[in-house]
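Peer 1: Need the 3D shape of this:
(chains A and B)
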Amino acid sequence: MSVKDEDRRRFLALGAGLLSTTACTTTKPASESGAHMRPHGLRSPHEKVARVIRELTASPGTGSSRTPLQHLYGTITPSDLHYERHHAGVPAIDPLQHELLVHGLVEQPLTFSMAALRRFPSVSRTCFLECSGNVIGDLRGNPPPTVQDSHGLLSCTEWTGVSLRMVLEEARLKPEAKWLIAEGADASRMARSIPVEKALDDALLVYGQNGEALRPEQGYPLRLILPGFEGNMNVKWLDRLLVTDQPAMSVKETANYTELLPSGKAEVLTFVMEARSVITSPSGGQQVLNGFNEITGLAWTGLGKITKVEVSTDNGKTWQVAALQEPILDKSVVRFRLPWEWKGEETIIQSRCTDESGYVQPSRDEFIALRGINAGYHYNGIKCWQVKADGHVVAV
Amino acid sequence: MSWRCSFLLFAVLLQAQQKPFGFGKPVSAEEARKRDLTVFPDGRGLPPGRGDAKAGAPIYAAKCAECHNDRGEGRENQYPGLVGGIGSLATPKPKKSVGSYWPYATTVWDHIHRAMPFDHPRSLTADEVYAVTAVVLYLNGIVTETQELNEKTLPQVRMPNRDGFIPETRPFQKRKVR
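Peer 2: I've put the predicted structure just below:
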């Protein structure tokens, strides 16, 4: 049968379908049973997407919640499913009382109300945010069952706010300014040191998340966004920027977020998130069916744009180039896809990405050879999923 | 474009760049300092005050031990220990604690001052923070029970892992494996 015949046959079948629907009077027309409108939309009750929450101590708000990557489409993370990592809970902040102090090595210390910050020319950009402790179970040899559990400390958002450079120019940096200490208004007043080069490059002070105000868990009313840098530096509930000549060596840049190497030495002030990718479907806990399956997943890099994603469906023997969904944005998440015919064989599927700097995502073994298994942060090894003979997918 | 025209354009651009929006409210450096919590490794930012482990013991028992345990052992699967692990960092099972891992005593002071006790942060006086810092360092064998810590002596305390940190010089090239 030619392609044309096949198309014609489908067209006829569609027509018959339409006719039969029109003729059928037992189905309730939608207009008689529709629900009322409501001020805020809700998901269909058939959809069960949710974050998975893990508290690290008995004290509230000291843990993380993970984005259900296996249940999402495209690249943007719905705001209520954005991953969280807090160190002392989510503060309740009245935006009318919130102000940002910029002081230290500046000609004129200034405070900015939220109204003042919103008066500046605004800018929107999409970028990923990822906790540098993401995927650490895999590094340690304990891969959790689903991609949400292993990679869920990753989200992607369209942020809106003002260029940090523009705000700093108002206070006028002194020539000896080299670092900014960014501090949040959470109970622990969490602080991180930011190199001034990044602050003057593409850093943003954001108040908008996916078209509306920031969610409280994402730093309402003001958050620092440093595209491509580890999540913890993107300080939430931001209310102070101290301009200095040296880093503060705060608890979150010494005790935590430093990378212990096999030598016993630890790398400190490691900021950029290197290239990663992961297959989100089919992934752990899902079922592959005989015949056609679309393999799809996400790739991202703090070093610019993803240029290539390769997928292997035969335990790494051969690799095929996956299609990348446009637009491919700087320091953002890109979705890749590869059609796959499964014939019932037990196998391992995996993806690896390359970014525009030429960096290629390493295998777990390659990563460990360089960094050991106790680095604790910035693990970006290739993720493998095993497809069992019955089609069940498990983490390996 | 004539040089005159170019010059004019340059002048306009320069003006556009330099003209402030003026949306910020000026504050005095002194006013800003009152909101400044940051303590640097060289001791900048430390307020005057003093304390030793002996003075800190009752404060630690009342306000810290519930989570961190009587001698900084922590609580299993809940609160990480403050002590132990010195010399373990290069082994297959490294234990990170204040004593084994943290490079600066000033960070201990800064963290207690800004974030502790967990449910009442910033409720301790400067003297109490010096005293509780002394307890944590004493439990690690870094200071003696009666060694006074103040804004001058604290930055001079040498932590066991002071030289344990290295910069990431060329982060991207170093991990490039293909």
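Peer 1: Now do the same contact list for A:Ala213.
Peer 2: For A:Ala213, the contact set (CB atoms under 8 Å, 6 or more residues apart in numbering or on different chains) comprises A:207, A:220-221. C-beta here means a position set from N, CA and C on the backbone, and glycine is covered the same way.
Peer 1: which one of those is nearest chain B?
Peer 2: Nearest to chain B among the contacts of A:Ala213, counting by CB to the nearest CB, is A:Tyr207 at 13.9 Å.
Peer 1: is it fair to say that closest one lies in a strand?
Peer 2: Yes: with DSSP: H, G, I helix; E, B strand; the rest coil as the criterion, A:Tyr207 is assigned to a strand.
Peer 1: Pull the contacting residues for it.
Peer 2: Counted by CB under 8 Å, 6+ apart, A:Tyr207 has contacts A:114, A:117-118, A:160-161, A:213-214, A:221-223.
Peer 1: doesn't A:Gly376 make contact with A:Ile136?
Peer 2: Yes: at 6.5 Å, A:Ile136 and A:Gly376 qualify as touching, with contact defined as CB atoms under 8 Å.
Peer 1: who has more neighbours, those two?
Peer 2: A:Gly376 (21 against 18; other CB atoms under 10 Å in any protein chain shown).
Peer 1: Going along the chain, name the helices of chain B.
Peer 2: Assigned by DSSP state H, the helices in chain B fall at B:3-18, B:29-34, B:53-63, B:65-68, B:105-115, B:126-139, B:171-174.
Peer 1: For the second one, name the packing helices and strands.
Peer 2: I take that to be helix B:29-34. strand A:99-104 (3 or more CB pairs under 8 Å, 6 or more residues apart in numbering or on different chains; DSSP states H and E).
Peer 1: can you pull the alpha-carbon coordinates of the strand it packs on into PDB?
Peer 2: What follows is strand A:99-104, C-alpha atoms only, in PDB (Å, rounded to 0.1, in the frame of the first residue of the first chain):
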ATOM      1  CA  GLU A  99      13.700  46.600  50.900                       C
ATOM      2  CA  LEU A 100      17.100  45.800  49.300                       C
ATOM      3  CA  LEU A 101      20.200  47.400  50.900                       C
ATOM      4  CA  VAL A 102      23.200  47.900  48.700                       C
ATOM      5  CA  HIS A 103      26.300  49.000  50.700                       C
ATOM      6  CA  GLY A 104      30.000  48.400  51.300                       C
END
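Peer 1: That strand pairs with which strands, and in what direction?
Peer 2: strand A:110-113 (antiparallel), strand A:238-244 (parallel) (DSSP bridges).
Peer 1: Make JSON lines out of those and add mean neighbour count, distance to A:Gly358 and mean pLDDT.
Peer 2: Below are the strands paired with strand A:99-104 laid out as JSON lines (neighbours: other CB atoms under 10 Å in any protein chain shown; distance: least, CB to CB, whole Å; pLDDT from 0 to 100):
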{"stretch": "strand A:110-113", "mean neighbour count": "22", "distance to A:Gly358": "40", "mean pLDDT": "98"}
{"stretch": "strand A:238-244", "mean neighbour count": "23", "distance to A:Gly358": "34", "mean pLDDT": "98"}
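Peer 1: Please identify which of those strands is closest to A:Pro195.
Peer 2: With CB to CB, the closest approach to A:Pro195 among the strands paired with strand A:99-104 belongs to strand A:238-244: 11.2 Å.
Peer 1: export the strands paired with strand A:99-104 to JSON lines and tack on distance to A:Thr313?
Peer 2: Listed next are these as JSON lines, based on distance: least, CB to CB, whole Å:
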{"stretch": "strand A:110-113", "distance to A:Thr313": "53"}
{"stretch": "strand A:238-244", "distance to A:Thr313": "45"}
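Peer 1: Next, the contact list for B:Gly45, please.
Peer 2: Contacts of B:Gly45 (CB under 8 Å, 6+ apart): B:36-39, B:110.
Peer 1: To clarify, my last question referred to B:Val39.
Peer 2: Counted by CB under 8 Å, 6+ apart, B:Val39 has contacts A:248, B:45-46, B:106-107, B:109-110, B:113.
Peer 1: swap in B:Trp109?
Peer 2: B:39, B:46, B:129-130, B:133, B:154.
Peer 1: now the residue most central in space within chain B: how far from B:Tyr101?
Peer 2: With distances taken as CA atoms, centre = their mean, B:Thr107 lies nearest the centre of chain B, 2.8 Å away. Distance, B:Thr107 to B:Tyr101, using CB to CB, to the nearest Å: 11 Å.
Peer 1: Pull up the overlap in contacts between the two.
Peer 2: A:254-255.
Peer 1: Could you list the contact residues of the stretch 1-150 of chain A toward chain B?
Peer 2: Within reach of chain B by CB under 8 Å from any CB of the partner chain, the stretch 1-150 of chain A has these residues: A:57-59, A:87-88, A:101-104, A:108-113, A:116-117, A:119-120.
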